[in-house]
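> I would like to see how this sequence folds:
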Amino acid sequence: MLLSLGTFAWLAKTHSSTFAVAGGPLNLSLSLIWLVAGSLLCLVELWIPTAFTAFTMGLAAILVAVFAWYFPAQFGLQVFLWMLLATGGVIATRRLLPNRKVSILSAPKQAETLTEILPGQAGRVIYEGNSWRALCEDEKLAIPPHQKVYVVRREGTTLIVVPEHLVIGD
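I've put the predicted structure just below:
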């Protein structure tokens, strides 16, 4: 998908329009600028995962580069086309991503704290043989380590727990 520098040079030579910058012409074609911008946006997706947002914006810019090669004087239309393609691409890729759901357990299950869970902060619990990040449902309550707790729900990879003494009673 990424083109070589030779291809960039060929596009710049074959396309004769100029781009004005600060009152003077710059010898770069609009199609070359769109192509470089699109390639850079696609590369950004490799280093900074943006859930395909940068990639779809880059792909839209590459498609606009092809359009700009055939219609060089229509810069406003090129920008509109890029915005339309990028927005459509982002909306289309959102359907491919899983929705983050709050998982509610059918019945509270027992776990044990590995670390202290301070009020409003996360700690670790052992649940079903694995260590999980956990928060206490009551944000004002601290739970010491090695205490029995009950898992009441899961939010992503974080378990929401309550101390055993609140469920059973003293």
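> who's in contact with the strand or helix carrying residue 135?
Taking DSSP states H and E as the definition, one finds residue 135 inside strand 130-136. With contact meaning C-beta atoms under 8 Å, 6 or more residues apart in numbering, strand 130-136 is reached by 111, 113-114, 117, 119, 121-127, 142-143, 149, 151, 157-163. Quick note: C-beta positions are derived from backbone N, CA and C, even for glycine.
> Mind doing that once more with 7 Å?
With contact meaning C-beta atoms under 7 Å, 6 or more residues apart in numbering, strand 130-136 is reached by 114, 117, 122-125, 143, 157-162.
> Tell me where the longest helix sits in this protein.
Secondary structure assigned by DSSP state H gives helix 75-94 as the longest helix of the chain.
> who touches residue 64 in this structure?
Residue 64 touches 34, 78, 81-82, 85, counting by C-beta under 7 Å, 6+ apart.
> of all the residues you listed, which comes closest to residue 62?
Comparing the contacts of residue 64 against residue 62 with C-beta to C-beta places residue 34 closest, at 7.2 Å.
> For that closest one, which non-adjacent residue is closest in space?
Among residues not flanking residue 34 along the chain, residue 65 sits closest, at 3.6 Å (C-beta to C-beta, 6 or more residues apart in numbering).
> For that neighbour, which three-state class applies?
helix (DSSP: H, G, I helix; E, B strand; the rest coil).
> ok, it to residue 35 distance?
4 Å (C-beta to C-beta, to the nearest Å).
> quick one: pLDDT of residue 6?
As predicted, residue 6 sits at a pLDDT of 48.
> Mind picking the lowest-pLDDT entry from the contacts of strand 130-136?
Scoring these by pLDDT puts residue 157 last, at 87.
> Need phi/psi at that residue.
When read as degrees, to the nearest 10, the backbone of residue 157 gives phi -110, psi 20.
> List the residues that contact it.
residue 133.
> Quick one: the strands in this protein, in order.
Here the chain has its strands, by DSSP state E, at 19-21, 24-26, 102-113, 123-127, 130-136, 148-155, 158-163.
> could those strands be laid out in JSON lines, adding mean neighbour count and distance to residue 90?
Formatted as JSON lines, the strands of the chain follow (neighbours: other C-beta atoms under 10 Å; distance: least, C-beta to C-beta, whole Å):
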{"stretch": "strand 19-21", "mean neighbour count": "10", "distance to residue 90": "27"}
{"stretch": "strand 24-26", "mean neighbour count": "9", "distance to residue 90": "30"}
{"stretch": "strand 102-113", "mean neighbour count": "13", "distance to residue 90": "25"}
{"stretch": "strand 123-127", "mean neighbour count": "19", "distance to residue 90": "36"}
{"stretch": "strand 130-136", "mean neighbour count": "17", "distance to residue 90": "30"}
{"stretch": "strand 148-155", "mean neighbour count": "18", "distance to residue 90": "26"}
{"stretch": "strand 158-163", "mean neighbour count": "20", "distance to residue 90": "28"}
